[in-house]
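Undergrad: structure for the following, please:
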Amino acid sequence: MPRGVRTRHALLLVAALAAALALPPSAGAQPAGSACREFPETGHAVCHGFLAYWNQFGGLPLFGYPLTDEMTVDGTVVQYFERARFEWHPGVAPDRHDVLLGLLGTEQTDGWRSVPPFQPAAARTDARYFPQTGHNIAGPFRTYWETAGGLPLFGYPLSEPYTDHGTTIQYFERARFELHPGASPRTADVLLGLLGAEQLRARTLETVATGLRNPRGIAVAPDGTIYVAEAGNGGNTVCIPGPEGSDVCFGNSGAIVRIRGGSVERPVTGLPSLASPDGRNAVGPQDAIVAPDGTLYVLVGLGADPADRARLPSSAAHLGQLLRIALNGTLTVVADLAAYEATHDPDGAGPDSNPYAMLLDGDRFVVVDAGANALLGVTMDGSIETLAVFPPFMTPAPPFLNLPPGTEIPAQSVPTSVVEGTDGAYYVSELTGFPFPVGAARLWRVVPGQEPEVVATGFTDAIDLAVGPDGSLVVLEIATYGLLAAQQGIATGFLGQLAADGTVVPILPNGLVTPTAFARLPDGTFVATDRALSGDAARLVRIQP
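TA: You can find the predicted model right below:
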């Protein structure tokens, strides 16, 4: 994306990040030298050896603006910049003012070595190969690496080049190279990613609530009260085969969590829940809406053939339904989405219902059924109609299936969230089904009565969606490198904003693990779930905008 887009975005973060970090400056820690330089753009100064290094080895194009003052972290004096972290190591590098750049690339990609671009590669004849890490540098990235600083500034390559949200990137020990054609011919159109800003933001995540049990959708009341649909931990009654093949067990552990001020409470409990025997990966209350009069509307998932409800206790009847819960606790059924799937099967793929997200548009609900691959309209009296069906697509078979090279298999759409755009259309995010291909998730635009159209591509396992104040879409991914990689421990989520030019501006590209939902608070900050598939170790965190 154009450099200016990312820079302006980073500058919006600075004041909040620095205040949240609240670490004291280490005045005089660096060797005496040049005077300080103030940067009014971010409200921070660069002094002494750090300023000498900044001036001598790249300045603004390589390092960006300072995001903090000097501070001591784990005994080392450091300072964060948009694209780097300066570290003072007395006596280590006198010719470089004893300044080393932090290993931000190494830190951000820790544990990613099984992801294909990070696996060792063979040496290429058109590239410079580094046996130290088993990776190549070629083309514009090689030109930039060799002319702009080489090993001391960037370190060894950690990956091969690959496409991330529409941008070609390559990770190095101390940097992330990004290719932006036409943006900067002077630097071979290579710009450095904002790793300093990204890591600083991840460091400043504020925990709002802990001990959440498989949290899913988030609703925010006008006064800032947060409601979280908690899918629960299942139970120890009847178990049935789950959507992933292993058993899931039923219980009434689903709930609605209310968070206001410093209190965390569950005003609604006893809702149905299906989860693995260890309480993880639950299906239960998936989303919630708070009406102006305080009435709660709760969407309960199923993740199975609606006929399977008959094999469960009677209280499981609310699986796959939209519920109304009055202030006095009275529960009534608005609509049975699972029953609608059983009789209509809009996508023709066989009965499978998992109502997952909803919005209230006037006097009707618009509901995403992830199992049915459909968008449904639901009136207050329980009438249901199909607004859109999202088709499957073909994707390369993963190697572990041992199919002939080039074989493609079908993957379902699996819609996950719906919002109303400023144009009045509905926008729907997509998870994709097995094998959860990286970069294959799409964003759909739906106008009832018309065929849905794809408006953006290149996402991976998109799980939630929101409309920003400027009308842009903000997208949350549950697993940036795919759910198969998440099963191997590479479970980094991604929160980003889709700019008007189609590029994706990261808001929080690291720091969250298997997030399932986010929401904007009245003060403009975000809250998001973290480790949301973990059973009862999930939390809600606050993210600065």
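Undergrad: straight-line length of stretch 493-503, end to end?
TA: One end of stretch 493-503 to the other measures 18 Å (C-alpha to C-alpha, to the nearest Å).
Undergrad: mind listing what's buried in it?
TA: Under the neighbour-count criterion of 16 or more other C-beta atoms under 10 Å, stretch 493-503 has G493, F494, L495, G496, Q497, L498, A499, T503 buried. Quick note: C-beta positions are derived from backbone N, CA and C, even for glycine.
Undergrad: among the residues you listed, name the ones in strands.
TA: Mapping the buried residues of stretch 493-503 onto strands (DSSP state E) picks out F494, L495, G496, Q497, L498.
Undergrad: quick one: contacts for the fourth one?
TA: Which is Q497. Contacts for Q497 (C-beta atoms under 8 Å, 6 or more residues apart in numbering) come out as H9, G468, S472, L473, V474, V475, V504, V505, I507.
Undergrad: for the fourth one, what are its contacts?
TA: Pointing back at L473 there. V419, G421, Y427, L443, A456, L465, A466, V467, Q497, L498.
Undergrad: what do you get if the cut-off is 10 Å, keeping everything else the same?
TA: In this structure, L473 makes contact with 419, 421, 427, 429, 443, 455-456, 465-467, 496-499, 504, judged by C-beta atoms under 10 Å, 6 or more residues apart in numbering.
Undergrad: equivalent analysis for the third one, please.
TA: When contacts are counted by C-beta under 10 Å, 6+ apart, S472 touches G421, T422, A466, Q497, L498, A499, A500, V505.
Undergrad: what pLDDT does the model give it?
TA: According to the prediction, S472 has pLDDT 94.
Undergrad: cool, the second one as well?
TA: pLDDT, G468: 90.
Undergrad: isn't it up against R520?
TA: Yes. The pair G468 and R520 passes the contact test of C-beta atoms under 10 Å, sitting 7.9 Å apart.
Undergrad: higher neighbour count, the two?
TA: R520 (18 against 14; other C-beta atoms under 10 Å).
Undergrad: please name the nearest non-neighbouring residue to the more buried one.
TA: Leaving aside its sequence neighbours, R520 sits nearest to F526 (C-beta to C-beta, 6 or more residues apart in numbering; 5.7 Å).
Undergrad: coming back round to it: which one of the contacts of S472 is nearest to P161?
TA: V505 (20.5 Å; C-beta to C-beta).
Undergrad: circling back: secondary structure and distance to G439 added to the contacts of Q497, as TSV?
TA: Shown next, in TSV, are the contacts of Q497 (DSSP: H, G, I helix; E, B strand; the rest coil; distance: C-beta to C-beta, whole Å):
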residue	secondary structure	distance to G439
H9	helix	22
G468	coil	23
S472	coil	20
L473	strand	17
V474	strand	19
V475	strand	13
V504	strand	11
V505	strand	17
I507	strand	19
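Undergrad: quick check: pLDDT value at the closest residue to G458 other than its chain neighbours.
TA: Nearest residue to G458 in three dimensions, chain neighbours excluded: G166, at 4.7 Å (C-beta to C-beta, 6+ apart). G166 is assigned a predicted lDDT (pLDDT) of 89.
Undergrad: the closest residue to W112 other than its chain neighbours and L484, how far apart?
TA: Nearest residue to W112, sequence neighbours excluded (C-beta to C-beta, 6+ apart): F118, at 5.0 Å. Here the distance between F118 and L484 works out to 15 Å (C-beta to C-beta, to the nearest Å).
Undergrad: A372 too?
TA: 23 Å.
Undergrad: which one's more surrounded, these two?
TA: Between A372 and L484, A372 has the larger neighbour count (other C-beta under 10 Å), namely 31 against 17.
Undergrad: isn't that one right next to D305, touching?
TA: No. Taking contacts as C-beta under 10 Å, A372 lies outside contact range of D305: 11.2 Å.
Undergrad: hey, what's in contact with both of the two?
TA: A338, E341, A342, P351, D352, S353.
Undergrad: sorry, back to before: now do the contacts for the residue nearest to R520.
TA: Counted by C-beta under 10 Å, 6+ apart, F526 has contacts 218, 466, 474, 476, 495, 507-508, 518-520, 541-545.
Undergrad: if you set the cut-off to 8 Å instead, what comes out?
TA: L495, I507, F518, A519, R520, R542, I543, Q544, P545.
Undergrad: look up how far L375 lies from it.
TA: Counting by C-beta to C-beta, the gap from F526 to L375 is 25 Å.
Undergrad: and if you look at A288?
TA: A288 is 19 Å from L375, by C-beta to C-beta.
Undergrad: which residue ranges form the helices in the chain?
TA: Secondary structure of the chain (DSSP state H): helices located at 3-21, 48-57, 59-63, 104-108, 139-148, 150-154, 195-203, 337-344, 483-486.
Undergrad: circling back: a markdown table for the shared contacts of A372 and D305, including pLDDT, distance to T225 and neighbour count?
TA: Output for the shared contacts of A372 and D305, formatted as a markdown table (pLDDT from 0 to 100; distance: C-beta to C-beta, whole Å; neighbours: other C-beta atoms under 10 Å):
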| residue | pLDDT | distance to T225 | neighbour count |
| --- | --- | --- | --- |
| A338 | 98 | 30 | 29 |
| E341 | 98 | 33 | 27 |
| A342 | 97 | 36 | 18 |
| P351 | 96 | 37 | 18 |
| D352 | 96 | 34 | 22 |
| S353 | 97 | 30 | 29 |
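Undergrad: nearest residue to R128 other than its sequence neighbours?
TA: Spatial nearest neighbour of R128, excluding adjacent residues (C-beta to C-beta, 6+ apart): I137 at 5.0 Å.
Undergrad: again with P313
TA: In space, P313 is closest to T237, 5.9 Å off (C-beta to C-beta, 6+ apart).
Undergrad: my guess is that neighbour contacts G251. True?
TA: Yes. Counting by C-beta atoms under 8 Å, T237 touches G251, with 6.2 Å between them.
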